[in-house]
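In: How does the following fold in three dimensions:
(3 chains)
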Amino acid sequence: MNDSLLCVQNLTARYGESQVVHDASFYVNQGEVVTLLGRNGAGKTTTLRAIMGVLQTRGGSIRFGGNEISSLTSDQIARCGIGYVPEERGIFGSLTVKENLMLPPVVSDNAMPLSEIYSLFPNIRERLASQGTHLSGGEQQMLAMARILRTGAHFLLLDEPTEGLAPIIIDAIADVIKMLKARGTTILLVEQNSRFASQLADRHYVFEDGTIVKEFTNQEVLDNPAQVERYLSVEVVQEEEGSDA
Amino acid sequence: MLDIFDISIQMVMAQVAIGLINGSFYAMLSLGLAIIFGLLNIINFSHGAFYMLGAFIGWILLSYLSVNYWLALILVPIIVGALGVIMERFLIRKLYDVDHIYGLLLTYGIALMLQALFLNLFGVSGEIYPVPAILEGTMNLSFMYLPIYRGWVIFASVIVCLSTWYFIERTKLGSYLRAATENPELARAFGIRVPILVTLTFGAGVALAAFAGVMAAPVYQVSPLMGVDIVIVVFAVVVIGGMGSIGGAIIAGFGLGIVEGLTRVFYPEASSVVIFVVMVIVLLVRPSGLFGKAV
Amino acid sequence: MRIVFFVSLAIFALIAPFLFYPVFLMKLLCLALFASAFNLLLGYAGLLSFGHAAFYGTAGYVTAHALTNWNMSFEFGLLAGVIAATLLGLAFGMVAVRRLGIYFAMITLALAQMAYFIYLQAPFTGGEDGIQGVPRGEFIGLIDLKDNVNFYYVVLGICVLSFLAIYRIVYSPFGQVLRSIGQNPDRAVSLGYSIENYKLGVFVLSAAFSGLAGGLSVIVFELASLGGASWHLSGEVVLMTLVGGVGTILGPIVGAAIIVTLQSSLAEAGQWVMFIQGAIFVLIVMAFRKGIVGESLDPHSDVRKALRNIKRKATDKEAALSRKSRGGEK
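Out: Model (predicted):
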């Protein structure tokens, strides 16, 4: 835990009057892909926002690369090397695709050069002059991820990247995430789709009512998906008689 | 000569030219206001006061320090911009967490203080600022003799407005500004230092007003009242152009200057209110202004 | 406690003309009414109008004209002014309240300035000279209003009735909807209220009471002038409301009293009055947003906390000093 890249302890976060996250503790090691699973409103997105400093009222400890970042402003946190892809994708309508792509500053030498980005995402190269929000949802998601690749951020916060997208696009996004992982990027992924998550992740945390209730390794999820599913669906699903690996 | 309603085309063109001159100032001032409003979400009531301040500092520099017009065009915006930075950093910034009307009221208070200060120091009657030597004289356009300086005003303000527009819409720093205007929280999460951007933008906005003030000095008298008279008209211009639209502010500024000029030809008594009348009509037909984004 | 307060206030109001110059008191009452009318809009519906003097001034001109040139009686002249202000309020309101919350202040200012320029040129207003020699007349044909003390009581009566009316409006069902619109417009919309109609309604009411104040003022001063419609007065009424306390019933009255008193005591200072007004604006906005009445009513107010801290430090210091001196005597 102590030499993890990200170490969150006793995190609390409020949204206005209501406390959405209480006492969440988890960690992400260098090079891992870790997911936060849970139903809507469980506190996953709020946790990401708290880490990113977007949420003002947060308590507890957030350590990144050994440094306490819980009192930093979000622009400072971004410049520490954390890339953020919010739920709404964060594409600016008043900027062109190219401007959106170039917006965040480069934060490391690991930044992907533009030529490589264009070859990976040919759609983007074609639409460089369009306004950001003229792109489809899937294209915007690709743009959001390309944008992060360009900055060379080595730690990513991805909030529900597959929400509302067609299966083909979801596969493409999975490929991008796998490629990021292969390059050594550490990823904290928020997802409701546990099947998508289990293709990519090393470990999973389950959020319920603002706190973490379970931790699974990916192998455990692959062996017995139902045990995770019950935290995600509305009805409780009967657990299959499964072997504990 | 061609006549429209017994009024010669010469007279019309002459008033259009004068209208363009007024419009130059409307455009520069509404541009600054629109930029400040877009990013800070406050209506800067002190914008007119900074315009007046610019003119006065220019006059003071000339009268007491023999700083000429051209140097003043550079120095005055820097001085006033610095004052704007101080004002944002120490006063306006403290008000971001409360209702936006307080920002408006703060700038109104500052405007009153500035105006009163200069009224006390200089009185109501204006000071004369001489036209710079190179720009003296008139040029002969067939329908009128246009003072060269006024031609310069139109030319310079078009350049300034277009450059500002280009800077905002086509450069990287401009993209930071647009992103921060659209969603400041998100822009910050992408590493943009939004608070500094905000401070500099306010400074730049009032520096632009001060620049317009120096340009205005040889045209209108340098008087403590010049700010408040024009700022209310500029409010109407910005509402017509559409809050949040940079291009709209520029086009509306020049356009309304021309409309005002034409009104002076055909119906002179209405010329002081025609812009407000246009505002009423635009608001009834297109509440977000001509180029504004629909609310 | 409250009863004591109001009773003393009432007694003071009744003997005031024998202590202070009645015209000054009447000016104060008119502006207090104006500020209360303005506060209806700002304090309860959350709408900042920067052109309210248009209603004050318009009613003033119409009342002056009615009394001087149409020989109307006091009551009808005043009524004419109120009606004019109300109609103007309706016209301005229909233009200004349409969805544009942020620009509302600018639009009202521009509209008022338009009115100002029309009044500057129109013959019936007398331009820069104004309408002079407005007759006082008689109240219901019985009381001669040329006597300042008599007139004071009439003005006092009208204003008190108006304050009570405003109080009733604020705490009526209409007023409650208004306050919810001011505090949380989205919730109000989701509850099915037509926000614009309510905003327009309160705007018109505010204009009407402002007109009443303006009409009264021209009879008090026997003069209707451009000052009644100037942006400067519009700004002053904002200041009065802010100083006294936005969203309180007494606030605007207290604020008006303070500003009017300030102005008359600084009458020789010329333009410094404007400077001080600007400085007060800045001070209030940065540190005393609730105004005098608001801060004193709010138990959590920062100002109160600061004052309590000062008090505590002072008593601690006293205690420490007295301990020291007792110790020294040993």
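In: Need the phi and psi values for the closest residue to C:E75 other than its chain neighbours.
Out: In space, and not counting its chain neighbours, C:E75 is closest to C:I140: 7.0 Å by C-beta to C-beta, 6 or more residues apart in numbering or on different chains. All C-beta spots, glycine's among them, are computed from the backbone N, C-alpha and C. C:I140 adopts backbone torsions of phi 40, psi 40, taken as degrees, to the nearest 10.
In: Residue ranges in chain A under the pLDDT threshold?
Out: A:1-2, A:56-57, A:234-245 (pLDDT under 70).
In: Three-state assignment for the residue nearest the centre of it, please.
Out: Central residue of chain A (C-alpha atoms, centre = their mean): A:L158, 1.9 Å from the mean position. Look at A:L158: counting by DSSP: H, G, I helix; E, B strand; the rest coil, its state is strand.
In: ok, the residue nearest to C:E75 - how many residues close by?
Out: As a burial measure, C:I140 scores 9 neighbours (other C-beta atoms under 10 Å in any protein chain shown).
In: partner residues bridging the residue nearest to the centre of chain A?
Out: Judged by DSSP bridges, the bridge partners of A:L158 are A:V85, A:L189.
In: Can you name the residues that contact it?
Out: A:85, A:177, A:187-190 (C-beta atoms under 8 Å, 6 or more residues apart in numbering or on different chains).
In: contacts for the helix or strand hosting A:H22?
Out: A:H22 is part of strand A:18-28 when elements are defined by DSSP states H and E. Under the criterion C-beta under 8 Å, 6+ apart, residues A:1, A:4-14, A:34, A:36, A:41, A:43, A:46-47, A:50, A:60, A:155, A:186, A:188, A:205, A:207, A:210-212, A:215 lie in contact with strand A:18-28.
In: Looks like the residue nearest to C:E75 contacts C:V154 (just checking).
Out: No. Counting by C-beta atoms under 8 Å, C:V154 is not a contact partner of C:I140; they are 9.3 Å apart.
In: so where do the strands sit in the stretch 51-200 of chain B?
Out: B:138-141, B:144-147 (DSSP state E, counting those that start in this stretch).
In: what's the closest of those to chain A?
Out: When those are compared by C-beta to the nearest C-beta, strand B:144-147 sits nearest chain A, at 38.5 Å.
In: now chain B, which segments are flagged as low pLDDT?
Out: B:1-7, B:293-295.
In: for chain A, what are the nearby residues on it?
Out: B:172, B:175-176, B:178-179, B:181-183, B:185-194 (C-beta under 8 Å from any C-beta of the partner chain).
In: Buried members of those into PyMOL, please.
Out: Remark: buried members of the residues of chain B next to chain A, expressed as a PyMOL selection using 16 or more other C-beta atoms under 10 Å in any protein chain shown:
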select buried, chain B and resi 175+176+178+179+181+182+183+185+186+187+188+189+190+191+192+193+194
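In: Out of the residues of chain B next to chain A, which sit inside helices?
Out: Those of the residues of chain B next to chain A mapping onto helices are B:172, B:175-176, B:178-179, B:181-182, B:185-189, B:194, per DSSP state H.
In: Now do the contacts for residue 133.
Out: No chain specified, so I'll use chain A. By C-beta under 8 Å, 6+ apart, the contact list for A:T133 reads A:91-93, A:140.
In: Wait, chain C was what I had in mind.
Out: So C:G133 contacts C:68, C:222-223 (C-beta under 8 Å, 6+ apart).
In: ok, now with 10 Å
Out: C:G133 is in contact with C:64, C:67-68, C:222-223, counting by C-beta atoms under 10 Å, 6 or more residues apart in numbering or on different chains.
In: quick one: the helices in chain A?
Out: With DSSP H as the criterion, chain A has helices at A:44-52, A:74-79, A:97-102, A:114-120, A:122-126, A:137-151, A:167-182, A:194-200, A:218-223, A:225-232.
In: So which residues make contact with the second one?
Out: Where contact means C-beta under 10 Å, 6+ apart, the residues beyond helix A:74-79 that reach it are A:49, A:51-56, A:62, A:64, A:69-70, A:72-73, A:82, A:84, A:104-105, A:107, A:151, A:153, A:157, B:185-197.
In: rewinding a little: would you mind checking which of the ones in helices among the residues of chain B next to chain A is nearest to B:V277?
Out: Within these, the smallest distance to B:V277 is 30.5 Å, found for B:T181 (C-beta to C-beta).
In: so that closest one touches A:G93, yeah?
Out: No. The pair B:T181 / A:G93 is not scored as a contact, 11.1 Å apart, by C-beta atoms under 10 Å.
In: Mind checking which of the contacts of strand A:18-28 are buried?
Out: Among the contacts of strand A:18-28, those classed as buried by 16+ other C-beta under 10 Å are A:4-8, A:11-14, A:34, A:36, A:43, A:46-47, A:50, A:60, A:155, A:186, A:188, A:205, A:207, A:210-212.
In: May I see the buried residues of the longest helix seen in chain B?
Out: Counting by DSSP H, the longest helix found in chain B is helix B:9-40. In terms of neighbour count (16+ other C-beta under 10 Å), helix B:9-40 has its buried residues at B:11-40.
In: so which of those also contact chain C?
Out: Near chain C, judged by C-beta under 10 Å from any C-beta of the partner chain, the entries from these are B:33, B:37.
In: In the sheet, which strands lie alongside the strand holding A:H22, parallel or antiparallel?
Out: Looking at strand A:18-28 with DSSP bridges, its partner strands are strand A:6-15 (antiparallel).
In: got the angle for the partner strand vs helix A:44-52?
Out: Angle, strand A:6-15 to helix A:44-52, by axes from the mean of the first three to the mean of the last three C-alpha atoms, to 10 degrees: 110 degrees.
In: Pick the one among the contacts of A:L158 closest to chain C.
Out: For these, the closest approach to chain C (C-beta to the nearest C-beta) belongs to A:V190, at 27.2 Å.
In: Name all residues that make contact with that closest one.
Out: A:V190 touches A:35-38, A:42, A:44-48, A:85, A:87, A:157-161, A:163, A:197, A:207, counting by C-beta under 10 Å, 6+ apart.
In: which among those residues end up buried?
Out: Buried by 16+ other C-beta under 10 Å: A:35-38, A:42, A:44-48, A:85, A:157-161, A:163, A:197, A:207, out of the contacts of A:V190.
In: thinking the residue nearest to C:E75 is in contact with C:L78, fair?
Out: No. Between C:I140 and C:L78 there is no contact under C-beta under 10 Å: 12.0 Å.
In: Distance of C:L67 relative to chain A?
Out: 55 Å (C-beta to the nearest C-beta, to the nearest Å).
In: Then B:W152?
Out: Between B:W152 and chain A the distance, using C-beta to the nearest C-beta, works out to 33 Å.
In: right, and that residue touches B:T138 too?
Out: No. Using C-beta under 10 Å, B:W152 is not in contact with B:T138, being 11.9 Å away.
In: Pull the contacting residues for A:K214.
Out: A:37-38, A:204-208, A:220, A:227-228, A:231.
In: Bridged to it, which residues?
Out: Bridge pairing for A:K214 - DSSP bridges - gives A:V206.
In: And the closest residue to C:V82 other than its chain neighbours, how far from chain A?
Out: Residue nearest to C:V82 in three dimensions, not counting chain neighbours: C:G211, with 4.6 Å by C-beta to C-beta, 6+ apart. For C:G211, the distance to chain A (C-beta to the nearest C-beta) stands at 41 Å.
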